[in-house]
Each structure stands twice: as C-alpha cells, then as structure tokens.
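Asker: fold the following for me, if possible:
(one chain, ligands or ions: 2)
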Amino acid sequence: MSGAYGGEPSHVTLSGVVRNYEGPPVVYALGPIDLEIRRGEFFSVVGPSGCGKSTLLDVLCGLVRPTSGSVHFEGKELHGQVPEGVGVVFQEDSSMRWLTVRQNVAFGLRTSNLPETEKAERVEHAIRFMGLVQFADHYPAQLSGGMRQRVCIARTLVLRPRLILLDEPFGALDQQTRLLMGDELLRLWRETGATVLLITHALDEAAMLSDRVGVMSARPGCFIDMVETGWPRERDSRIVSHPSFGTLTARLWSSLREESLKTMGRVA
Ligand SMILES: Nc1ncnc2c1ncn2[C@@H]1O[C@H](COP(=O)(O)OP(=O)(O)O)[C@@H](O)[C@H]1O
Ligand SMILES: [Mg+2]
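Answerer: Numbers count the residues shown, from 1 in each chain. Ligands and ions are numbered 1, 2, ... in the order given. Predicted structure coming up:
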C-alpha cells in the first residue's frame, strides 16, 4: 500500500473499516476507521470501556472480518485468519495452567512446520528474552501475574512476529509491575524491530510507551484524536518525569473525558 509517510508503504492499513455485530438489535461496535501504522511504529489505542477496542484488535489480526472496508498487512488483504508475521497477546491471561512455562511457550509453534531443532532454539531464546529461565519448568499457578503475562508474550515471540498486537496485557497488574512490564515491552519493540499496537485503558501507559496514541470515541469507536509523542526510540519508564509527559497525559484525558462520561450516561 502506498502510505502517507514520505512515500514509505504503511505496515498496516485500515480503510473504511466498520464492524457491526448482527442482532437484533444490531450492535454498531466499530468505525468507520481509516488508519495507517508505520513499519516499526509503537502505536497505542485508548478509549472508553465497550467502545470497540477489542473488536479493532480482532479485525486487525484477521480473526474477524470487517462488515465493510478492508485491512491490509504488508500490502496483502486479511482474510479470516491470523497471517504469518502477526502475533497476538489477548486481553485475558491465556497461559495454560496444565502446561509448564516451556510447554506454554512451545505451544505458540504447535502448527509450525519448522524443524524441531529450530523450534527448540526459538523456545529457549524466547524464555531467555522474557527473563523466564529460572521458571521454565514451573506451572503458571506458581508464577506472579506479571510472570504469567511474560509467558503469554514469549509464546507470541517464538513466531518472530513483525507485527505484535496486545489487548490490555497489563490490565490486571499492579502499578509498579505495569511500569516494569512497559519497560520490557519497549525493549522487545526496540530489539525485534517489530511494529507494536497496544490497546490499553491506562493513559499514562499510552503516553509513556508510544510514538503515537489514537484516542477512540464511545461506541461505535472512531478515532477522535491522534497524538504524536515525539519520544526518542531509546526510552524507558523514567520518561514519566519528562516535562512533556504530564502535558501528553492531560491531552489524552481531555479528549477522553467527554467520551467516558457518555458511556456512563452522563453529559459532559
Ligand atoms: N460477539 C459479540 N456480539 C455482540 N456484541 C458484541 C460482541 N463482542 C462485542 N460486542 C459489543 O461490541 C461493543 C464493543 O466491544 P469491545 O470491542 O469488546 O469493546 P472494548 O474492548 O473497547 O471494551 C460492546 O458494546 C460489546 O458489548
Ligand atoms: Mg476489550
């Protein structure tokens, strides 16, 4: 696809994407959305509860077809399945409690045709990368919430994704763990060179991690604000003490406040 960024093709392109859920009554969940995400960009989405964020992720990874419009990844239109090169970390902790950490991570490659040695190498690499070496033979119940989320991310990493989609992955974690997991995610983004799309309800997380943040309206979710943070690629959670951080977070909140009140049935 020809993109709007100095002739660079965009990595992911959504054109006129609408998604309704058949009724009755029909639920107008999403769109219309036009969006281009740059290759290697860290893009976050914030929006009020129920505005269609998870629907957007389902459409973006190809699992759900848009009611109208199209989604292209690396120039190819998505058709009902997650394409090679896309990794997804879903909203809930989806680690499997009956498998060890190593087996959970290997699960990501269960349908792959790679030689067994290559699979094993990728699993060990992802375990090391996510700091799980000491826990490789543990079961999820023996781990903290943060560690379980690392397992879910490692399971995606073995696929060597060029686009990583995450749906509120740190939602259930305490504030300190969230900040540290944010640092992990930034490291992963830098070292893999992947494009990252993060859905989060935490405005500070979006402001800290992203190159760009899209703010969504109440359902049906459309983008009502787009904020470039201007952060350098080398960054971590200490950026919260940067003078621009407060300004960015305040801008996100002022865009979102009215929409959040609408979803509570209140007038701004
Ligand atoms: N399978 C479904 N069938 C009908 N309605 C749905 C379905 N999935 C989600 N919705 C509705 O679509 C809207 C958007 O949902 P969702 O994308 O999960 O929002 P968010 O992730 O922003 O909280 C909500 O009103 C939700 O109730
Ligand atoms: Mg959701």
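Asker: C-alpha only now, for contacts and for neighbours.
Answerer: OK.
Asker: using CSV, write out every CA atom in the biggest helix by length in the chain.
Answerer: Secondary structure of the chain per DSSP state H: the longest helix is helix 243-263. What follows is helix 243-263, C-alpha atoms only, in CSV (Å, rounded to 0.1, in the frame of the first residue of the first chain):
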residue,chain,number,x,y,z
PRO,A,243,8.1,17.8,31.5
SER,A,244,6.1,16.8,28.3
PHE,A,245,4.7,13.6,30.0
GLY,A,246,2.1,15.5,32.0
THR,A,247,1.1,17.6,29.1
LEU,A,248,0.6,14.5,26.9
THR,A,249,-1.4,12.6,29.5
ALA,A,250,-3.6,15.7,30.1
ARG,A,251,-4.3,16.0,26.4
LEU,A,252,-5.3,12.3,26.2
TRP,A,253,-7.6,12.7,29.2
SER,A,254,-9.3,15.9,27.9
SER,A,255,-10.0,14.1,24.6
LEU,A,256,-11.3,11.1,26.5
ARG,A,257,-13.2,12.6,29.4
GLU,A,258,-16.3,13.6,27.4
GLU,A,259,-16.4,10.1,25.8
SER,A,260,-16.1,8.3,29.1
LEU,A,261,-18.9,10.4,30.5
LYS,A,262,-21.1,9.4,27.6
THR,A,263,-20.6,5.8,28.3
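Asker: residues in contact with residue 140?
Answerer: With contacts taken as Cα atoms under 8 Å, 6 or more residues apart in numbering, residue 140 has the following neighbours: 95-97, 99-101, 148.
Asker: save the residues you listed as JSON lines, and put in secondary structure, neighbour count and pLDDT too.
Answerer: Below are those laid out as JSON lines (DSSP: H, G, I helix; E, B strand; the rest coil; neighbours: other Cα atoms under 10 Å; pLDDT from 0 to 100):
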{"residue": "95", "secondary structure": "coil", "neighbour count": "22", "pLDDT": "83"}
{"residue": "96", "secondary structure": "coil", "neighbour count": "18", "pLDDT": "88"}
{"residue": "97", "secondary structure": "coil", "neighbour count": "14", "pLDDT": "90"}
{"residue": "99", "secondary structure": "coil", "neighbour count": "16", "pLDDT": "95"}
{"residue": "100", "secondary structure": "coil", "neighbour count": "20", "pLDDT": "96"}
{"residue": "101", "secondary structure": "helix", "neighbour count": "29", "pLDDT": "96"}
{"residue": "148", "secondary structure": "helix", "neighbour count": "22", "pLDDT": "89"}
